[in-house]
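# All I have is the shape, not the residue letters:
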């Protein structure tokens, strides 16, 4: 081979090995879901910019994301049952499986080796190798007389376990994946009707499932599972049904300060405050509409709340010491999701119908800037990789 | 120019631009201090391996590390007053200033733009631009009649503030760096004699300074600074001086579970348990020696404790529900530091006199493997970038 040709070959090899982007850290990256287009944007929060758009992820109408422990790879759970692995540095899809017909989200194990997905159809949980997306375990959510339940509220916790709820069966299952191909499952039955979502506290200890079919929530202490599932906030007012439910609220591991948990009341214009020490109601905050997300700033000092239609142009900020609403913002049309930067100095808000993500300073509550995004919904920063239950 | 030469030039340019390492995430990286050699190792915790050694960092006998918000750059605080910026991907030093004669550590601001260093000589705090290491502010720790105090316990908190203690003056200062070149400082006087180290709770709310000169600790609620500094754990037994103090214990933002703070008692073979709701003593755990670090696993379920000479071959694990010692390990000679992986599945331990870092599974308490390291002391994973007060 001619020497120039040899060098040219070397050159292209190097260019390939060097990938399409320059060397950079991954701690300030994030993904934004473009729900209508089946695409995601890779963004970075230090200079508040978009780095790339990746297309071809299918139905992202209720999509969520978890990250590998090195913060390089995103696992995107699509509504259509697809699990897509995205390389945040290479800006491309590196793996994709259609793992069910209808899925509601997933989680990644404490050690980062396992990705679990909660499925509606067929009802159950599937567990995949995080490197290869090979199927390692398939757990049908069987109950009663050969029926299968939709699975919701799938959350990772410590000791490589996951907890999830069976919507149709009214059960909570805790799955130990020390041996991933042979899950050990502990079942808690009769936990209440229609658990619809759940959260794990940031310490991985408390799993709380919201109940759509009853007036309360179900609490499981994962450090004391022998005590069983306990009902909390019984009769908080869900049963009164004073308002039709426009959108189901979401529960997430965010809504906790040191002393309180903050839960969106179903169908009511209220955020419920729960004392974390006795799990009794500690108060309520009247808010602008039916809350969807009630998310605590990482330090727990503020709670940011968005709302169901027709109040979804509004976001309210609650001071967690005084429990007063300290600001009512109108960031844009159809605010679907919010995400704090890892240490909480900023918050990013999706304004779906304005095709825009807005960035606010959480100290001054000032608008800092915007990014154009097509019908944005979920925003997910890579720092989630290091947290339990997100 | 001959074409081959041109290609060769291009090749070398590309090699340079491509840097010396391949594209990779930075969420699973860490630094280990080789205290005797003035060097650091770059490690990664997914495959538990060493990636590079970097030399020329000076006196690292009491070194600590913080990270940029993208988790790419480490800021190493050396005992000799050097601040060194290390590129974790490029495997090289990219900035270095000799900023004082004797330094005890530092912190990075919530927004990642400012690095602050606590100095003994001359006593004060210096603030640097995290990108360029340009000096932005110099705050002498002046007190009394023209004297300057050693500064200790410098911690970042929310709203781009830092808190620190003046050892000689018995004061706590809170520094607001909204305008980095014009720090606004609030001083709390007469907080107790000889504050020697401090911690900030993970929510950035509580700053606790240990007192060497008195029998108690000083607590400042940063959300309610108007209430001033409060004494806690008064008369816990420091004053009895039953034992000489072989090594000063360290306080860090790690030692907190949801309900309790865990503090190493000075000079006593005890870990003090403090109720976080009323800040009163909630018990003590008798341990094997004088505790140095008492570190909570990220979920708060376990406390790992190492000890001063002559018990520094031992590590004990305490269950935070029962407050019983559940394991006594002998990992190696002179265990100086411990670091949990971000979600707590493993712990890395420095055995200085065995020239080794050991890795344990925190669930099974089994030894998983070791890395050869020259006289290791501090271990610091990049996940610290996303936390308040570390």
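Great, that's in hand. The structure displayed is predicted, hence computed values, not measured ones. Residues are numbered from 1 along each chain as shown, chains lettered A, B, ... in the order given.
# now the strands: where do they sit in the stretch 251-390 of chain A?
Chain-ordered strands for the stretch 251-390 of chain A, with DSSP state E, counting those that start in this stretch as the definition, fall at A:260-264, A:270-275, A:281-286, A:291-296, A:302-307, A:315-319, A:325-329, A:335-340, A:346-351, A:356-361, A:367-372, A:376-381.
# Okay, now the sheet partners of the fifth one, with direction.
Partner strands for strand A:302-307, per DSSP bridges, with pairing direction: strand A:291-296 (antiparallel), strand A:315-319 (antiparallel).
# in that strand, what's buried?
Neighbour counts over strand A:302-307 (16 or more other Cβ atoms under 10 Å in any protein chain shown) mark A:302, A:303, A:304, A:305, A:306, A:307 as buried. Quick note: C-beta positions are derived from backbone N, CA and C, even for glycine.
# Check stretch A:191-199 too.
A:191, A:192, A:194, A:195, A:196, A:197, A:198, A:199.
# go on, stretch A:255-262?
A:255, A:256, A:257, A:258, A:259, A:260, A:261, A:262.
# so which of these are also by chain B?
When these are filtered against chain B using Cβ under 8 Å from any Cβ of the partner chain, the residues retained are A:257, A:258, A:259.
# re the thing from before, now intersect the buried residues of stretch A:191-199 with the strands, please.
Among the buried residues of stretch A:191-199, the members falling in strands are A:195, A:196, A:197, A:198, A:199 (criterion: DSSP state E).
# could you dump those to JSON lines with distance to residue B:344?
What follows is those, written out as JSON lines (distance: Cβ to Cβ, whole Å):
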{"residue": "A:195", "distance to residue B:344": "27"}
{"residue": "A:196", "distance to residue B:344": "29"}
{"residue": "A:197", "distance to residue B:344": "25"}
{"residue": "A:198", "distance to residue B:344": "21"}
{"residue": "A:199", "distance to residue B:344": "19"}
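# Among these, which one lies nearest to residue A:22?
Nearest to residue A:22 among these: residue A:199, at 37.8 Å, using Cβ to Cβ.
# thought the closest one was touching residue A:249?
No - the criterion here is Cβ atoms under 8 Å, and residue A:199 misses it with residue A:249 at 11.1 Å.
# show me what contacts the residue in the stretch 201-350 of chain A positioned nearest to chain B?
Proximity of the stretch 201-350 of chain A to chain B (Cβ to the nearest Cβ) peaks at residue A:342, 3.7 Å away. Residues in contact with residue A:342, defined by Cβ atoms under 8 Å, 6 or more residues apart in numbering or on different chains, are A:27, A:298, A:381, A:383, B:69, B:385, B:386.
# Now with 7 Å, please.
By Cβ atoms under 7 Å, 6 or more residues apart in numbering or on different chains, the contact list for residue A:342 reads A:298, A:381, A:383, B:386.
# for residue A:374, same thing?
A:34, A:36, A:37, A:355.
# Can you flag the buried ones in those residues?
A:34, A:355.
# Among the contacts of residue A:374, list the two that are farthest apart in space.
Farthest pair in those (Cβ to Cβ) is A:37 and A:355. Separation: 10.7 Å.
# will you turn the buried residues of strand A:302-307 into TSV that also has pLDDT and distance to residue A:233?
As requested, the buried residues of strand A:302-307 are exported to TSV (pLDDT from 0 to 100; distance: Cβ to Cβ, whole Å):
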residue	pLDDT	distance to residue A:233
A:302	95	22
A:303	95	17
A:304	96	21
A:305	96	18
A:306	96	21
A:307	95	20
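# Show me which of those is closest to residue B:125.
Nearest member of those to residue B:125, counting by Cβ to Cβ, is residue A:302, at 27.8 Å.
# All the strands of the stretch 101-250 of chain A, in order from the start?
A:102-108, A:114-121, A:123-129, A:135-140, A:142-143, A:147-148, A:151-156, A:161-166, A:171-176, A:184-188, A:195-200, A:206-211, A:217-221, A:229-232.
# right, and those strands - which one's nearest residue B:182?
That would be, of those and by Cβ to Cβ, strand A:195-200, which comes in at 41.8 Å.
# any low-confidence regions in chain A?
Low-confidence segments of chain A, defined by pLDDT under 70: A:1-21, A:238-245, A:253-254.
# residues contacting residue A:291?
Taking Cβ under 7 Å, 6+ apart, one finds A:249, A:264, A:265, A:271, A:305, A:307 in contact with residue A:291.
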